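Enquirer: Here you go, sequence then predicted model.
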Amino acid sequence: MKSKIINSSLVLAFAFAIAGLFCMMAPSVSDAAVAARTIKLAHVLPPDSNFDVGAQKFKELVDKASKGKIKVEIFAGDMTTDEVEAAEMVRSGNLDMAWTSTGSLSAFVKDLMLLDMPFLFRDTNHVNKVLMGPVGDKMLKQFDSSHIKALAFSEDGWREITNNKRAIKTLADLKGIKLRIMMNDMNADMYKALGAVPTPIPSGEIYSSIQTGLVHGQDNGVYVANSVGYLAIQPYVCMIQHFYSSGVVLASEKLWNGLNAEERKIVKDAAVEAGKYQREWFWDTEMSLTKKLEKEKKITVTTPKDRAAWVKAVQPVYASYFKKYPHWKPIVDQINKTK
C-alpha cells in the first residue's frame with residue numbers, strides 16, 4: 001500500500017513538472033491575445049505636421065505595447081484630402097483610423113462645436129484636464145451613434161489669424177478681413193461677431209483660395225500654416241489664441257469590433273497618450289518656430305493689447321448658443337471650474 005502511495009505521488013509530481021514546463025514554454029495569455037495586423041491611419045496634413053507628430057507617436061506606442069505585432073501604416077496628406085470624407089471612410093469601414101480636427105465633425109457630433117467656443121481654454125494644462133476627464137469622455141461616446149469609435153482627443157492646436165492684407169494689431173483691424181474657416185457654424189458666428197468675413201472652405205482648398213484671393217487668410221497656428229506653405233503667401237500673423245481647436249482620433253467599427261480586449265486596450269491607450277504628447281509638444285514648437293520666422297523676417301507678428309475687447313465681442317455668441325443648446329451652459333461652467 002505504501003508503495004502505491006509513493007508511486008502515485010511520483011506520478012503527480014512528474015505531471016506537475018511537465019505542466020510547469022509547458023507553461024514556461026507557452027506564450028503568456030496577453031502575448032497570445034494580440035494578433036498580427038496592420039492598421040491604416042490617414043490624416044490631411046503633410047509629413048512632420050502636428051497631426052503627423054501625433055500619428056507617429058501613436059504608431060510608436062502601439063508597436064511597443066504589441067511587441068511589434070500590430071503595425072500602423074500612416075498616410076500623411078494622402079488617401080483623403082478632406083476630414084469629413086475621412087470620417088465617412090472610417091464610418092463605412094474603408095479606412096481603419098483617421099486623425100482629424102473636431103471642427104469639421106460637428107455633423108457627426110453637434111456638441112463638438114462647444115469645444116470651439118472662443119476663449120474657452122486657458123492653456124494646454126487646462127485642455128489636458130478637460131479632454132482627458134469626464135467632459136471629454138462624454139463627448140467621445142457621442143460618436144457611437146454615428147457608428148464611429150472615437151478613441152481619444154488629439155491636437156489641432158491653438159488658433160492664430162494669418163492673412164496677406166494687413167497686420168492685425170487691434171480688433172478693429174480684423175474688420176472686413178475674409179478668412180477661411182472650418183465648416184461649422186460656431187467658427188462662422190465667432191468671426192462675424194469679431195467683424196471678419198468667414199468663408200467655409202475644405203482644408204484641401206485653403207492654399208488655392210488664398211492664392212486666388214477668395215480669402216485673405218486662415219486661422220491655423222504658425223506651425224501648421226508654415227508646414228503647408230500658407231505663410232509664404234500671407235505673412236501677417238496675429239497671435240491672439242482666440243480659440244483652441246481639438247483633434248480626435250477615430251476608428252472604424254469594423255476595426256474595433258475585430259479587436260479583442262487586449263488589442264483594444266493597446267490601441268486606445270496609445271491614442272490617449274499620443275494625444276497628450278501631441279498637445280504638450282505643440283505649444284513649445286509653435287512658439288519656437290514663431291520666434292525663428294520672425295527673426296528671419298519671414299513673418300510679421302502682432303499681439304493685440306485689446307484682448308478684453310475681443311472677449312467682450314464674442315459674448316453674444318455664448319448667449320446665442322446657450323439659448324439654442326441649454327445643456328451647453330453647465331458643460332461650459334464645468335470646463336471653467338476645471339483647475
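Expert: Cool, got the structure.

Enquirer: From the structure, what's the count of residues near Met139?
Expert: When neighbours are defined as other Cβ atoms under 10 Å, Met139 has 22 of them. Quick note: C-beta positions are derived from backbone N, CA and C, even for glycine.

Enquirer: ok, for it, nearest residue in space, not its chain neighbours?
Expert: Of all residues not flanking Met139 in the chain, Asp111 sits nearest, at 5.9 Å (Cβ to Cβ, 6 or more residues apart in numbering).

Enquirer: Now do the contacts for the one you found.
Expert: Listed by Cβ atoms under 8 Å, 6 or more residues apart in numbering, the contact set of Asp111 reads 139, 142, 325, 328, 331.

Enquirer: okay if I get those as CSV plus pLDDT?
Expert: Compiled in CSV, the contacts of Asp111 are given as follows (pLDDT from 0 to 100):
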residue, pLDDT
Met139, 94
Gln142, 95
Tyr325, 96
Trp328, 96
Ile331, 96
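
Enquirer: what about burial for the residues you listed, which qualify?
Expert: The neighbour count (16 or more other Cβ atoms under 10 Å) marks 139, 328, 331 as buried among the contacts of Asp111.

Enquirer: Run through the bridge partners of Leu250.
Expert: Ala98, Ala150 (DSSP bridges).

Enquirer: Isn't Thr199 up against Met183?
Expert: No - using Cβ atoms under 8 Å, Thr199 is not in contact with Met183; the gap is 10.3 Å.

Enquirer: By mean pLDDT, point me to the weakest helix or strand of this structure.
Expert: In the chain, no helix or strand scores lower on mean pLDDT, DSSP states H and E than helix 2-25, which sits at a mean of 42.

Enquirer: all helices of the stretch 151-300 of the chain, in order?
Expert: Ranges of helices in the stretch 151-300 of the chain, per DSSP state H, counting those that start in this stretch, are 185-194, 206-211, 222-227, 253-257, 261-295.

Enquirer: Show me the contact partners of the shortest one.
Expert: Residues from elsewhere that reach helix 253-257 (Cβ under 8 Å, 6+ apart): 39, 91, 93, 96-97, 147-149, 264.

Enquirer: pLDDT on it, on average?
Expert: Taken as a whole, helix 253-257 has a mean pLDDT of 97.

Enquirer: Kindly report the same for the last one.
Expert: In this model, helix 261-295 carries a mean pLDDT of 94.

Enquirer: How about the first one?
Expert: Within the predicted structure, the mean pLDDT of helix 185-194 is 93.

Enquirer: can you give me the offset of it from its chain's centre?
Expert: 21 Å (Cα atoms, centre = their mean, to the nearest Å).

Enquirer: and that helix, which residues are buried?
Expert: 185-191, 193-194.

Enquirer: how about those in TSV, adding distance to Gly157?
Expert: As requested, the buried residues of helix 185-194 are arranged in TSV below (distance: Cβ to Cβ, whole Å):
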residue	distance to Gly157
Asp185	21
Met186	16
Asn187	14
Ala188	20
Asp189	21
Met190	16
Tyr191	17
Ala193	22
Leu194	19
